[in-house]
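A.B. asks: coordinates only, no sequence provided:
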């Protein structure tokens with residue numbers, strides 16, 4: 001034990017994401033954490049990437065439609 005009360009030479013496991021922690025945080029932060037922990041997040045991300053790829057392909061066919069490319073960019077960022 002040092003003068004500051006810290007122990008030297010001992011390793012401790014830090015529980016960054018405790019399972020039984022009482023969440024008194026904002027609802028949006030809690031919802032984001034639940035969505036990322038579930039399997040829905042990777043599936044939704046893959047669907048958004050697929051839709052963005054389809055928008056890029058449609059933008060190549062209809063080159064005068066700049067809104068399609070814009071929506072593809074938005075979907076890529078959202079994914």
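C.D. replies: Everything's here; your move. Everything numeric here is computed off the predicted structure, so don't read it as measured data. Residues are numbered from 1 along each chain as shown.

A.B. asks: from here on, contacts and neighbour counts on C-alpha atoms
C.D. replies: Noted.

A.B. asks: who touches the particular helix or strand that has residue 77 in it?
C.D. replies: Take DSSP states H and E as the rule and residue 77 turns out to sit in helix 66-78. Helix 66-78 is contacted by residues 45, 48, 49, 51, 52, 53, 55, 56, 58, 59 when judged by C-alpha atoms under 8 Å, 6 or more residues apart in numbering.

A.B. asks: how far does it sit from its chain's centre?
C.D. replies: Centre-to-centre, helix 66-78 and its host chain are 18 Å apart (C-alpha atoms, centre = their mean, to the nearest Å).

A.B. asks: give the buried residues for it.
C.D. replies: Neighbour counts over helix 66-78 (16 or more other C-alpha atoms under 10 Å) mark 68, 69, 71, 72, 73, 75, 76 as buried.

A.B. asks: dump these into TSV; add distance to residue 29 and pLDDT as well.
C.D. replies: TSV is the format used below for the buried residues of helix 66-78 (distance: C-alpha to C-alpha, whole Å; pLDDT from 0 to 100):
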residue	distance to residue 29	pLDDT
68	31	80
69	31	80
71	26	84
72	27	85
73	25	85
75	22	84
76	22	85
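
A.B. asks: pick out the most distant pair among these.
C.D. replies: Across the buried residues of helix 66-78, no pair lies farther apart than 68 and 76, at 12.3 Å, counting by C-alpha to C-alpha.

A.B. asks: excluding its backbone neighbours, what's nearest residue 79?
C.D. replies: Nearest non-adjacent residue to residue 79, counting by C-alpha to C-alpha, 6 or more residues apart in numbering: residue 45, 4.7 Å away.

A.B. asks: against which helices or strands is the helix or strand containing that neighbour packed?
C.D. replies: Using DSSP H and E, residue 45 sits in helix 40-61. Secondary-structure packing of helix 40-61 (3 or more C-alpha pairs under 8 Å, 6 or more residues apart in numbering; DSSP states H and E): helix 66-78.

A.B. asks: and the angle for the helix it packs on with helix 40-61?
C.D. replies: On the basis of axes from the mean of the first three to the mean of the last three C-alpha atoms, to 10 degrees, helix 66-78 is oriented at 160 degrees to helix 40-61.
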